[in-house]
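K.L.:
sequence unknown, structure follows:
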């Protein structure tokens, strides 16, 4: 799976947690902040997005890896997914 495909899945999962708010997925890149003035994703919404990513991509995130990952930007989440996929043998 390419980084672009992973990013598309991550962006979809992140945006799906934001009821009533929309951003153009094409304008979101690795540098887009996940919280605050970026996408405004709360910690609870981040966990919901990670569960959606696990379900859609068939990966399981290690709890420690999630706790230690910065997850401050879309690229950080993509990196986490890439590491999980690598550990799965994909």
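P.N.:
That came through, no problem. All values derive from a computational prediction rather than experimental measurement.
K.L.:
And residue 78, how far from residue 56?
P.N.:
Going from residue 78 to residue 56 by CB to CB, to the nearest Å gives 14 Å. Using the backbone N, CA and C atoms, a C-beta is placed for each residue, glycine as well.
K.L.:
Could you find the closest non-adjacent residue to residue 82?
P.N.:
Leaving out its chain neighbours, the residue that sits closest to residue 82 by CB to CB, 6 or more residues apart in numbering is residue 6, at 6.3 Å.
K.L.:
go on, residue 14?
P.N.:
Per CB to CB, 6+ apart, closest to residue 14 is residue 49, 4.9 Å.
K.L.:
who's in contact with the one you found?
P.N.:
10, 13, 14, 16, 17, 41, 77 (CB atoms under 8 Å, 6 or more residues apart in numbering).
K.L.:
Adding pLDDT and secondary structure, write those residues out as a markdown table.
P.N.:
Shown next, in a markdown table, are the contacts of residue 49 (pLDDT from 0 to 100; DSSP: H, G, I helix; E, B strand; the rest coil):
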| residue | pLDDT | secondary structure |
| --- | --- | --- |
| 10 | 96 | helix |
| 13 | 95 | helix |
| 14 | 94 | helix |
| 16 | 91 | helix |
| 17 | 89 | coil |
| 41 | 93 | coil |
| 77 | 98 | helix |
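K.L.:
what two of these are the furthest from one another?
P.N.:
The most widely separated members of the contacts of residue 49, counting by CB to CB, are 16 and 77 (13.3 Å).
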